[in-house]
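Q: fold the following.
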Amino acid sequence: MIAAVIALIGRPVVKQLERIHIGKFHFPNWANVIATMLLFLFLGVGTFRILIPLVGAELDRLQSVDIEKLIDGSEATMAAIKMRLDKWGINYDEALSTEQMYTYVQDLFSAVSFSSIANSLLSTFGNLFIAAFSVLFISFFLLKERQILHNIIFTLTPDSQAIKMENIVNNTKRLLSRYFVGLLIQVTLIATLVSVGLLIVGVENAIILGCIAGLFNLVPYIGPFAGATFGILFTFALNLNMDLNTIVVPLILKMAVVYAIVQLLDNLVFQPLIFSNSVFAHPLEIFLVISIAGTLMGVIGMFLAIPLYTFVRIIAKEFLSEFKVVQSLTRSI
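A: Residues are numbered from 1 along each chain as shown. Model (predicted):
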């Protein structure tokens, strides 16, 4: 499935490279495919080469937090919280005492074993390498020999349905290619805007959090909220030794504003343009489909909702076109 997605994203790039001519000479198909895959590898490896050192530095910094100093510095804040709770008529629970807070924080940091996480990642490196090689190998042939899946499908298709199946295959390639390319553009825009915004407000690990926000944005609606929550909690943890009222809280509020502005741009501009124009569906239609898929299958359903819905529409147009509702939903395909 990953190889198929890469092939769908790479098809427009290969087509553009095929149009390049130097006099009467033009590059062979295999060279265009290799150039496209090298471009993807360059972008992927380049991103990881930038992010991994930054993530390592932030994890080292998180491990160096002085828990005792943190708890001692929080007494004034805890006293202010107690006064506010008393004013609201809420009893100050023992769970919020300094001793309990020390226990909670100490348990949290002791439970996170970064060395074991690193060892686990290293132990799975071999499997990841094999998986990556398999994906690249399959992607290469899906891009180079575009008729492979086509031939398999038509071998299993009755002659009487060949024309309809031809339309389904062509429309599926066209619409899903547009969708995944649009999704890639959306993730890049979100990651860039969040990174720039966080850099402006003074967040040190802005690039990491921007990339994470872009990846979380792959899951519609709840993904951006999860990405923002992760970014804020991560920044809070890295600044535990700072003064809470004068440094940490203002920084978190600025981060929340950045995430909110980018999310508004995504909801009002990026998603309508990318989703609606790529699969030719109304934004309300897309919202309902994602909501239903999320209710039935959770986060995975929300991620797969639009590609599956697009595929179902394409099939319905060919085999159920006599129904009025199908005509309405597939008119623009």
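Q: please make it C-alpha for all contacts and neighbour counts, starting now.
A: Fine.
Q: what helix or strand does the residue nearest the centre of the chain sit in?
A: Nearest to the mean C-alpha position of the chain, by Cα atoms, centre = their mean, lies Leu215 at 2.3 Å. Counting by DSSP states H and E, the element that carries Leu215 is helix 206-216.
Q: for the helix or strand that that helix is followed by, buried residues please.
A: Downstream of helix 206-216, the first helix or strand assigned by DSSP H and E is helix 222-238. Of the residues in helix 222-238, Gly223, Pro224, Phe225, Ala226, Gly227, Ala228, Phe230, Gly231, Ile232, Thr235, Phe236, Leu238 count as buried by neighbour count, 16 or more other Cα atoms under 10 Å.
Q: what mean pLDDT does helix 222-238 have?
A: On average, the pLDDT along helix 222-238 is 83.
Q: same check, this time on stretch 197-209
A: Taken as a whole, stretch 197-209 has an average pLDDT of 87.
Q: start and end of it, how far apart?
A: 11 Å (Cα to Cα, to the nearest Å).
Q: buried stuff in that stretch?
A: By neighbour count, with 16+ other Cα under 10 Å as the criterion, the buried positions of stretch 197-209 are Gly197, Leu198, Leu199, Val201, Val203, Asn205, Ala206, Ile207, Ile208, Leu209.
Q: what's the distance between the spatially closest residue to the residue nearest to the centre of the chain that is not a sequence neighbour and Gly294?
A: Leaving aside its chain neighbours, Leu215 sits nearest to Val187 (6.5 Å; criterion: Cα to Cα, 6 or more residues apart in numbering). Val187 sits 20 Å away from Gly294, taking Cα to Cα as the criterion.
Q: one more: Ile130?
A: 32 Å.
Q: of these two, who's got more company?
A: The residue with more neighbours, out of Ile130 and Gly294, is Gly294; 20 against 11, by other Cα atoms under 10 Å.
Q: quick one: that one is in a strand?
A: No - secondary structure assignment places Gly294 outside any strand; it is helix (DSSP: H, G, I helix; E, B strand; the rest coil).
Q: correct me, but it touches Met302?
A: Yes - applying Cα atoms under 8 Å, one finds Gly294 in contact with Met302, separated by 4.8 Å.
Q: mind giving me the domain split of the chain?
A: According to automatic domain parsing, the chain comprises the domains 1-64+113-145, 67-112.
Q: where among those is average confidence lowest?
A: Among the domains of the chain, domain 67-112 carries the lowest mean pLDDT, at a mean of 59.
Q: name the single longest helix found in the protein.
A: Longest helix in the chain by number of residues (criterion: DSSP state H): helix 162-201.
Q: measure how that one sits relative to helix 222-238, angle-wise.
A: Taking axes from the mean of the first three to the mean of the last three Cα atoms, to 10 degrees, one finds helix 162-201 and helix 222-238 inclined to each other by 30 degrees.
Q: list the buried residues in helix 162-201.
A: Of the residues in helix 162-201, 165, 168-169, 171-183, 186-199, 201 count as buried by neighbour count, 16+ other Cα under 10 Å.
Q: show me what that helix is packed against.
A: Using 3 or more Cα pairs under 8 Å, 6 or more residues apart in numbering; DSSP states H and E as the contact test, the elements touching helix 162-201 are helix 2-18, helix 147-155, helix 206-216, helix 249-265, helix 277-279, helix 283-319.
Q: now render the ones you listed as JSON lines, adding distance to Val135.
A: JSON lines is the format used below for the helices and strands packed on helix 162-201 (distance: least, Cα to Cα, whole Å):
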{"stretch": "helix 2-18", "distance to Val135": "5"}
{"stretch": "helix 147-155", "distance to Val135": "16"}
{"stretch": "helix 206-216", "distance to Val135": "20"}
{"stretch": "helix 249-265", "distance to Val135": "32"}
{"stretch": "helix 277-279", "distance to Val135": "25"}
{"stretch": "helix 283-319", "distance to Val135": "19"}
